[in-house]
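>>> need a structure here:
(2 chains)
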Number of protein chains: 2
Amino acid sequence: MGSIPIMMDFQNKEIVIVGGGEIAKRRLKLFTNTGAQITIVSPKLLPELQEMQQRKLFNWKKKKYQAEDAVNAQFIIIATNNPFVNQYVRESAPKSAFVNHTESAERGNFHFPASFQRGRLTVSVSTGGASPYLAAKIKNQVEKTFDEQYGVYVDFLYECRQLLKKTTISSAEKTILLKEILKDDYKSIEKQKEILAKILTLQKEP
Amino acid sequence: MGSIPIMMDFQNKEIVIVGGGEIAKRRLKLFTNTGAQITIVSPKLLPELQEMQQRKLFNWKKKKYQAEDAVNAQFIIIATNNPFVNQYVRESAPKSAFVNHTESAERGNFHFPASFQRGRLTVSVSTGGASPYLAAKIKNQVEKTFDEQYGVYVDFLYECRQLLKKTTISSAEKTILLKEILKDDYKSIEKQKEILAKILTLQKEP
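This is a model prediction of the structure:
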């Protein structure tokens, strides 16, 4: 209880994943394109992880985990199927580190909700450990309501907002425009071009 | 770009909020019941914040912000309407701290999505800065599909899962039960009582 959702930018953050199996693989995939510095500590790796390691998607410490492996870690992800190792990782973690324990979310201090993305749009669902199946079910239901191209529309909204920041119109006028473009009409590329052209005429002189 | 959603347990985390106005108030409310240690640094507070301060919901440093105010902060929330102060906070933040800058999410390293809760269920929506209005709109649309009592159902799922952890049945059988209770039938209290009674008969001997 008491957890709240945040969007975390992991750029250059030091992440240690303990374990080289299925859970480690799933976690690693979450961090694709985040720019995190990831180290996996594990005597063995799944073949798919070995292949990812050859593409330098993470550093591999080919060894059994010891506390010193996480001394600089800001985030530690516990992902072995050995309860004794998992307990040791948790108990020996630096106080400043945030710990995720997949099998027992209440023992860590962060966890990963079910989520989907459409470009810049991210929707996430957590049940705080009540039911990962329910989280996945709700996530899937909501996901179905967004077509694959929805990210293009969100990119258009981003572009409008960035351009509006450079104009001199009042913040009340900005608000009107930012709400106007939420209308379904603006999912059409023609309408998007039209309003982008209009906003460009509002730009500040250099 | 590159941010991913996590659920963060803020229990005992040191949070510094710089500013004592509307944004500070909104952020403070997010942390209600998280057990975070919150300090607000600001020469002034909104009346509503003063009242919250009297209830000891946070520590108040009644002063202009200086870098040393955040030396132990794990999370820093920039919430003044003075761009120079905001820039100073950002630039003088300890390297180990996570910074949220409401007005310019891309300059911090974490931000708050639009979200709602029903008991243990949390759904959150972020557009990565593209359109806070769209995030709120999607959040509201999804929220409407969950009635006020939905949290009670999620609590039931939580109870089932906790009880099942204490049984000796196989993990395949657990999975069947955990999926069974997602059926709409189990929103009825009668059906909930029925299956809870059944699960209790599966408990391990002490």
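>>> Quick check: closest non-adjacent residue to residue A:69.
Excluding the flanking residues, the one nearest residue A:69 by CB to CB, 6 or more residues apart in numbering or on different chains is residue A:41, at 4.8 Å. For every residue, glycine as well, the C-beta is placed using N, CA and C.
>>> Just want the phi and psi numbers for that neighbour.
Backbone torsions for residue A:41, taken as degrees, to the nearest 10, come to phi -110, psi 120.
>>> State the distance from it to chain B.
For residue A:41, the distance to chain B equals 21 Å [CB to the nearest CB, to the nearest Å].
>>> Any idea what that residue is bridged to?
Legend: beta-bridge partners of residue A:41 under DSSP bridges are residue A:18, residue A:61.
>>> if I read this right, it contacts residue A:65, doesn't it?
Yes - using CB atoms under 8 Å, residue A:41 is in contact with residue A:65, at 4.8 Å.
>>> intersection of neighbour lists for these two?
The contact sets of residue A:41 and residue A:65 overlap at residue A:18 (CB atoms under 8 Å, 6 or more residues apart in numbering or on different chains).
>>> can you pull the contacts of the residue nearest to residue A:69?
By CB under 8 Å, 6+ apart, the contact list for residue A:41 reads A:16, A:17, A:18, A:19, A:61, A:63, A:64, A:65, A:69, A:70.
>>> Turn the residues you listed into JSON lines, columns for neighbour count and pLDDT.
What follows is the contacts of residue A:41, written out as JSON lines (neighbours: other CB atoms under 10 Å in any protein chain shown; pLDDT from 0 to 100):
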{"residue": "A:16", "neighbour count": "26", "pLDDT": "97"}
{"residue": "A:17", "neighbour count": "26", "pLDDT": "97"}
{"residue": "A:18", "neighbour count": "29", "pLDDT": "97"}
{"residue": "A:19", "neighbour count": "26", "pLDDT": "96"}
{"residue": "A:61", "neighbour count": "15", "pLDDT": "97"}
{"residue": "A:63", "neighbour count": "10", "pLDDT": "97"}
{"residue": "A:64", "neighbour count": "12", "pLDDT": "96"}
{"residue": "A:65", "neighbour count": "23", "pLDDT": "97"}
{"residue": "A:69", "neighbour count": "18", "pLDDT": "97"}
{"residue": "A:70", "neighbour count": "23", "pLDDT": "96"}
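>>> how many other residues sit next to residue A:195?
17 (other CB atoms under 10 Å in any protein chain shown).
>>> can you point me to the longest helix in chain A?
helix A:150-165 (DSSP state H).
>>> Mind listing what's buried along that one?
Going by neighbour count (16 or more other CB atoms under 10 Å in any protein chain shown), the buried part of helix A:150-165 is A:151, A:153, A:154, A:155, A:156, A:157, A:158, A:160, A:161, A:163, A:164.
>>> Is there any residue in that helix that contacts chain B?
Yes - applying CB under 8 Å from any CB of the partner chain, one finds helix A:150-165 touching chain B at A:154, A:155, A:157, A:158, A:161.
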